[in-house]
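Colleague: only geometry, no sequence info:
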C-alpha cells in the first residue's frame, strides 16, 4: 500500500512540475477575435487522457498513437476548414486521481477546445462532472458505460463504444439461438462493467438465466477460485465481461483446469490481435479457437474493405507501418469522427456548434451499425457484429445486430460507405 | 461437493502461498543482512526476470534463464548496494526507504523503455495442469517444483545463517557493523553479500510467480511485493520459518476469501491481516526476541 501511495505522490509531483512548466511557456491558444478556447485562425487544440504507462498500458497505449497518426494525415492534407488539429495526449496511468490532474491541466492551462476519447470508465467518470460544469465538449468517451449517455445531466458528453448492456444482450441472444439447451455463466469485472453486462444478459435470458456469475478484481491476478467455480457449475457458455488481460487469464486458467467452454467476450476484451500480441502469443491460436467476440468497426481480416485499405495506408505512412489492428482502427475511426464533427461545426467552430453538429447526425463514423447521436440520445455505436476465431484468424460472421428498447434486432442498413478520408473535402 | 471445493481452494492457496513465501524469504534475508526493508526488491526481481526471459527466449532453455536470473539478480543487488544504498545516511531509517523507492521507479522506467509495457508470457519447465493422480485437488507438477524450491531455500538459509562462518559474520555485520568491524569482520562486504543473496533469491521468487499470473511486465511484481511484505511482517521479519508459514497462511487466506467471499475482497483481507498482526503482535507471530534495529 505504501508502495502504491508513494508512487501516486511521485506521479502527482511530476505532473505538478509539468503544469508549472506549462504556465511559464508562452502561447496556449486564444488570442483571436472570437475567443473560443483552443481555436485560432489556423489551428484547433484538443486533448485526451490515456493510460500510456502502468498496468493498463498494454493493449491501450496504441489507441492514441493511431488517433494522432490520423490527425497528422488530415493536417498534411490541409486540415479541416483550413485548420490543423493539434492533439495533446496526457498519461493518466489508468489512475482516476491522475486523470483529474491531467484533465484540469488540459482544460485550464492548455485551454483545449474539447476532450476526445478519454479512456476508461473509472478514470473518465472522475472528470465528467468537471468537464460538464466547464462546458467543455467531452467527445466519444472510450468505454461501454451507459453513464456517457445522459443528455440532460451531461449535455457535453458523448459515448463511443457500444454499451456493455447492448453487447451482453446481443451475445445472450446469439447463445440462446445457437445453444438453446446450454448452461450459461459469466465471468465479469467487479464494477459497472460486470454489473451492466449482467443486466443486459439477464434481460434476454431471464432472471435465472445465468447458472453462475463470478467476478474478478483487477487488483488480483489469481482467478483460479472463480474459474474452478464455473467449471463446477458445468457451464457450456461463459460470457466474458473482462478487459483483455483478464480474458487471457480466464482462458489460460481454464485450459490448465481442463475446462473448455464456449467463450463469448465483449469488444472491450475480445480483440484477437491484442490478446495474441500482448498476452498469449504462441498459445493464442489454440487457447482462442472458436472464441466468439464482438466489435462494431471494420476488422483487419475483412476482405476488400475500403476502410481497412484506407486505415492501413495511414498506418503505413503516419504510424510506423505494420499490420493494422483493432486498437488502431478504433483510434483512427475516432479521429475521423472528430473531423466529421469539426467539418460540420462551421467555419468558425464553437463549443456549442460542435455539439449541435454531432446531435444533428452529421457524424457517421465508419461503423457497421449506426451511431445513436441525437439531442435526446448520446449513445455511440448502437450494436455489434459477432466474430469468431478459427485457426488464429478472427473474422466476422452473420449480420450486425442493434439493441433498442430491450430487443435485439438485425441491422440491415449496411456499413457506412467509404468516400473520402478527410471529411468536408471533395 | 462442499468438501471438494474446500479442499480445492485450500490446496490451490498452499501452492500460491509457497511462491509468495520465497519472495518473503528474500525480504527476511535482506533484513537479517542489512536491517533494511528493501522496497526496490520487487523491481530488482522483475529486472532479473526480464534477463531470464531474454536468455530463455534466445536459447530455448528454461534452466539457463534460471541461472541468468540468479546471477543477474545478484549483480543488480551489487550495483544497487554499492552504487546507491551505501551512500544513504543511516541516521534516519526512512532515508533508505525513500532511496529504495527511488531505485524502484528508476528500474521500472528503464525496463519499460527497453521492453515496452506489454505482457510477455513466460515458459515453465513443468506442466501447470493439475496432476491426474491427485484428482479434485489442484496440484500441478509446477507446484511441486515450487514446493521443492521453497524447501531448498529454507534449508539453505538455515545452514547459511546457523552453521557457517559467513552467515555468522553477515549477522554480526547487520546487527552491529562497528563492533563487528572491530572484531575483524569486513562489515561492508558482508552487507553487499547480503544484498546480492537477497536479490538473487527475490529473482528466483519472481521467476516462479510470474508464470502463474498474466505474464512478465514492468509492474508484474508490484502486488506480489505487497503480499510478500505482509507475509514477512506476519511471520516476523527475522524468521525464515515464519516467512514460510506466513506465506502458506496468506496463500490459503487469499484463496478462501477469493473463493467464498469474492475476488474483490482478497487483497483487502491481506491488509486486514497485516493490520491485525501489527496491532496484536508487532514483532510478527514467530518473533522470539524483541525486534532489533540497526
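Modeller: Ah, there it is. Please read these numbers as outputs of a predicted model, since none were measured by experiment.
Colleague: Now the closest residue to chain A within the stretch 101-250 of chain B: closest residue in space, sequence neighbours ignored.
Modeller: The minimum distance from the stretch 101-250 of chain B to chain A, using C-beta to the nearest C-beta, falls at residue B:117 (3.8 Å). No exception for glycine: its C-beta is placed from N, CA and C like everyone else's. Nearest residue to residue B:117 in three dimensions, chain neighbours excluded: residue A:57, at 3.8 Å (C-beta to C-beta, 6 or more residues apart in numbering or on different chains).
Colleague: Excluding residues flanking it in the chain, which one is nearest residue 229?
Modeller: Just so you know, I chose chain A. Among residues not flanking residue A:229 along the chain, residue A:214 sits closest, at 5.6 Å (C-beta to C-beta, 6+ apart).
Colleague: not quite, I wanted chain B
Modeller: Excluding the flanking residues, the one nearest residue B:229 by C-beta to C-beta, 6+ apart is residue B:27, at 6.4 Å.
Colleague: Tell me, how many residues neighbour the residue nearest to residue A:229?
Modeller: Residue A:214: 25 surrounding residues under other C-beta atoms under 10 Å in any protein chain shown.
Colleague: Equivalent analysis for residue A:399, please.
Modeller: Residue A:399 has 12 nearby residues by other C-beta under 10 Å.
Colleague: With residue A:168 instead?
Modeller: Residue A:168 has 29 neighbouring residues, counting by other C-beta under 10 Å.
Colleague: now it, nearest residue through space, not along the chain?
Modeller: Spatially, and ignoring its direct neighbours in sequence, residue A:168 is nearest to residue A:200 (3.1 Å; C-beta to C-beta, 6+ apart).
Colleague: Also residue B:221?
Modeller: residue B:42 (3.8 Å).
Colleague: show me the contacts for the one you found.
Modeller: A:3, B:104, B:202, B:206, B:221, B:222, B:224, B:225 (C-beta atoms under 8 Å, 6 or more residues apart in numbering or on different chains).
Colleague: Apply 10 Å and report the result again.
Modeller: By C-beta atoms under 10 Å, 6 or more residues apart in numbering or on different chains, residue B:42 lies in contact with A:3, B:23, B:26-27, B:104, B:107-108, B:202, B:205-206, B:219-226, B:228-229.
Colleague: tell me the phi and psi of residue A:304?
Modeller: In this entry, residue A:304 is assigned phi and psi values of phi 50, psi 50 (degrees, to the nearest 10).
Colleague: what about it, distance to residue A:297?
Modeller: Distance from residue A:304 to residue A:297, counting by C-beta to C-beta, to the nearest Å: 16 Å.
Colleague: The stretch 151-300 of chain A: strands as residue ranges?
Modeller: A:157-159, A:184-189, A:212-216, A:237-241, A:262-265, A:292-295 (DSSP state E, counting those that start in this stretch).
Colleague: how about the residues of the stretch 151-294 of chain B near chain A?
Modeller: Taking C-beta under 10 Å from any C-beta of the partner chain, the part of the stretch 151-294 of chain B that reaches chain A is made up of B:209, B:212-215, B:217-220, B:222-226, B:229-230, B:251, B:254-260, B:262-268, B:270-271, B:274.
Colleague: Just the buried residues of those.
Modeller: Among those, those classed as buried by 16 or more other C-beta atoms under 10 Å in any protein chain shown are B:209, B:212-215, B:217-220, B:222-226, B:229-230, B:251, B:254-259, B:262-267, B:270, B:274.
Colleague: And the helices in the chain?
Modeller: The chain I'm using is chain A. Secondary structure of chain A (DSSP state H): helices at A:2-24, A:61-76, A:96-104, A:121-124, A:128-133, A:164-178, A:192-205, A:224-232, A:244-256, A:272-274, A:284-287, A:306-318, A:326-344, A:351-359.
Colleague: actually chain B
Modeller: Counting by DSSP H, the helices of chain B are B:2-34, B:41-59, B:62-83, B:93-115, B:141-163, B:165-175, B:177-182, B:187-209, B:222-235, B:240-256, B:266-280.
Colleague: Now render these as TSV, adding mean pLDDT.
Modeller: TSV is the format used below for the helices of chain B (pLDDT from 0 to 100):
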stretch	mean pLDDT
helix B:2-34	88
helix B:41-59	94
helix B:62-83	95
helix B:93-115	90
helix B:141-163	88
helix B:165-175	86
helix B:177-182	86
helix B:187-209	92
helix B:222-235	89
helix B:240-256	90
helix B:266-280	88
